[in-house]
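Peer 1: Mind folding the following:
(one chain, ligands or ions: 2)
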Amino acid sequence: MSTSTLAAPAAGLREGAFGNATGLVCRECRATQPLGPFYACQECFGPLEIGYDFPAVTREQIEAGPKNIWRYQPLLPVPADIASSPNMEPGFTRLLKAHNLGRELGLKNLWVKDDSGNPTHSFKDRVVAIALSAARELDMKVFACPSTGNLANAVAAAGARAGMKTVVFIPHDLEIPKVVASAIYTNSLVAVRGNYDDVNRLASEIAGEEDGWAFVNVNVRPYYAEGSKTLGFEVAEQLGWRLPQQVVIPVASGSQLTKVDKGFQELVSLGLVEDTPYKIFGAQAHGCSPVSAAFKDGHDVVRPVKPDTIAKSLAIGNPADGPYVLDVARRTGGAIEDVTDEEVRDGIQLLARTEGIFAETAGGVTIATLKKLVETGQLDPEAETVVFNTGDGLKTLDAVADRVGPAATIDPSYTAFTAIGLV
Ligand SMILES: *Cc1c(COP(=O)(O)O)cnc(C)c1O
Ligand SMILES: [Zn+2]
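Peer 2: Residues are numbered from 1 along each chain as shown. Ligands and ions are numbered 1, 2, ... in the order given. The predicted model follows:
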């Protein structure tokens, strides 16, 4: 993990701009290069991730920090004074014991990590906060992203708060609430006639042509991706500094899942938690399940698909981290499963009725996958299990709008009320 043998960071960076990060490491050939606005290995074009030289970090030190992701600053590529620059301060969302859902599914010890409580109501605020810090430290001028929706919300809001020029690109057919909840922060929302993979290709092209554009999930992706580690850190801390035995995580590009694993490993390497075994499970919608298909076929490569699902926030047909998701699931003894759109709707309703949590379609995918993993014997019902809800149901109302509604519409009289049989 240590890359302290690296040369000094690229010219023009201030001392400590990236905290304890020491360089960029290729995830394929492990070649290293200095910190900078780079995302592909100079040797093999493999994707880069952040390497660190961690100092000793104690639980007490972390617990004394702010109640947001900056409490983990020593473990992130951000400067020690990060909490003093304008940012969205996401994280430290609730971890709820899910007694009712556990009973319903036959799971003895189930928790929901509810990331809908972030500033723009999805887990994306975590990754965007780190990308914003990197864009600032690298002196980039435009804060941008291609998005399936939630990322556009998070980038537009964080860019507004930071006073940066912000441009976000979305597929033209997104859910209206996600369009409005981006456009409210910026007048540079661009709808592209194409699906997410088309939008992503366009973003890469612009990033190559224009100087100083920070596309959070393209050219500053190594920094962005580290934000997902904080989900793993929080789960461990909130369980009383312990790793759960099983985790179920939604998969779009697959970055979140692989970085929760990286976060768990870093906690172990720093002695902050005991080295206990855990299994990581991935959840996809059947209409966009390239990683699940590869897992089931025993393949190492992920064959791209054309997405067709109501779970638009997970609709990435060519997932950048797909092969690494397969590695993590196989190494930890987990699995990747997928569920139909009808099961996604059922999952949203199940979580709402049992735990009072309204998830967006991505959460429906994850809850439905949890259920399927139990029913097919892939999850151990006795083991401590954490399932992620990564977004808010108010953004995807259409998914369930035709399934729920008033039990009756009545005149304002007591007799009319008694007539409908609720008493
Ligand atoms: C983006 C997103 C994910 C998955 O993120 P990846 O890191 O790309 O796999 C999960 N849930 C929601 C709600 C999202 O918006
Ligand atoms: Zn390489």
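
Peer 1: Please count neighbours and contacts with C-alpha atoms only from this point.
Peer 2: Will do.

Peer 1: For the stretch 201-350 of the chain, list the residues in contact with ligand 1, please.
Peer 2: Counting by Cα under 6 Å from any ligand atom, the stretch 201-350 of the chain comes close to ligand 1 at P250, V251, A252, S253, G254, S255, Q256, S313, L314.

Peer 1: Nearest residue to the fourth one in space, please, no chain neighbours.
Peer 2: Right, the one you point to is S253. In space, and not counting its chain neighbours, S253 is closest to P319: 4.1 Å by Cα to Cα, 6 or more residues apart in numbering.

Peer 1: my guess is the one you found meets C288, correct?
Peer 2: No: at 10.1 Å, P319 and C288 do not qualify as touching, with contact defined as Cα atoms under 8 Å.

Peer 1: Kindly provide the distance from the residue nearest the centre of the chain to ligand 2.
Peer 2: Nearest to the geometric centre of the chain sits Q256, at 4.5 Å (Cα atoms, centre = their mean). Distance of Q256 to ligand 2, computed by Cα to the ion, to the nearest Å: 21 Å.

Peer 1: Give me the residues contacting the helix or strand hosting that residue.
Peer 2: Secondary structure from DSSP states H and E places Q256 in helix 255-269. Where contact means Cα atoms under 8 Å, 6 or more residues apart in numbering, the residues beyond helix 255-269 that reach it are 225-226, 228-233, 236, 243, 249-251, 273-275, 280, 282, 320-321, 324-325, 328.

Peer 1: ok, the residue nearest to S253 - how many residues close by?
Peer 2: 23 (other Cα atoms under 10 Å).

Peer 1: Number the residues from 15 up from this point.
Peer 2: With the count now opening at 15, the last piece we talked about shows up as P333.

Peer 1: give me every residue that touches it.
Peer 2: A266, S267, G268, V305, V316, P318.

Peer 1: Which member of these is positioned nearest E74?
Peer 2: G268 (31.6 Å; Cα to Cα).

Peer 1: measure the closest one to V339 for me?
Peer 2: Between G268 and V339 the computed distance is 6 Å (Cα to Cα, to the nearest Å).

Peer 1: Those two - which one has more neighbours?
Peer 2: Of the pair G268 and V339, V339 is the one with more neighbours under other Cα under 10 Å, namely 30 against 23.

Peer 1: how about the strands in the stretch 65-214 of the chain?
Peer 2: 109-111, 124-128, 156-160, 179-185, 203-206 (DSSP state E, counting those that start in this stretch).

Peer 1: cool, and the stretch 265-414 of the chain?
Peer 2: Here the stretch 265-414 of the chain has its strands, by DSSP E, counting those that start in this stretch, at 293-299, 350-353, 399-403.

Peer 1: Include mean neighbour count when you put those strands into a markdown table, please.
Peer 2: A markdown table is the format used below for the strands of the stretch 265-414 of the chain (neighbours: other Cα atoms under 10 Å):
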| stretch | mean neighbour count |
| --- | --- |
| strand 293-299 | 28 |
| strand 350-353 | 27 |
| strand 399-403 | 26 |
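
Peer 1: just so I know, which of the ones you listed lies nearest ligand 2?
Peer 2: Among the strands of the stretch 265-414 of the chain, strand 293-299 comes nearest to ligand 2, with 25.8 Å by Cα to the ion.

Peer 1: what does the closest one rub up against?
Peer 2: Taking Cα under 8 Å, 6+ apart as the rule, strand 293-299 contacts 259-266, 271, 275, 305-306, 323, 325, 328, 339, 342-343, 346-355, 358, 379-380, 383.

Peer 1: Thanks a lot, see you next time.
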